[in-house]
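quick one, fold the following:
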Amino acid sequence: MAAWIKEQVCRYTMLALKAEQRRLLAYRWRRGPVRPLVAVEAAP
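Coordinates of the predicted model:
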């Protein structure tokens, strides 16, 4: 029984990640300011 539950959780996780990639579940995550890809060093 536990293995079946674990399998269902894994399948749901993969389904949710694919849906988020297609922007179908993007509403679940808070949208913050766009961050730069390169870390900016703090001024001395």
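
where does pLDDT dip in this protein?
Across the chain, the ranges flagged by pLDDT under 70 are 25-32, 34-37, 39-44.

tell me where it has strands.
Remark: no strands are assigned in the chain by DSSP state E.

what segments of it are helices?
With DSSP state H as the criterion, the chain has helices at 2-21.

show me the contacts for Thr13.
Not one residue lies near Thr13 by C-beta atoms under 8 Å, 6 or more residues apart in numbering. Glycine gets a C-beta too; all of them are placed from N, C-alpha and C.

distance of it from Val38?
30 Å (C-beta to C-beta, to the nearest Å).

Ala19 too?
Distance from Ala19 to Val38, by C-beta to C-beta: 30 Å.

between the two, which is the more surrounded one?
Ala19 (13 against 6; other C-beta atoms under 10 Å).

if I look at that one, how far off is Thr13?
From Ala19 to Thr13 the distance is 11 Å (C-beta to C-beta).
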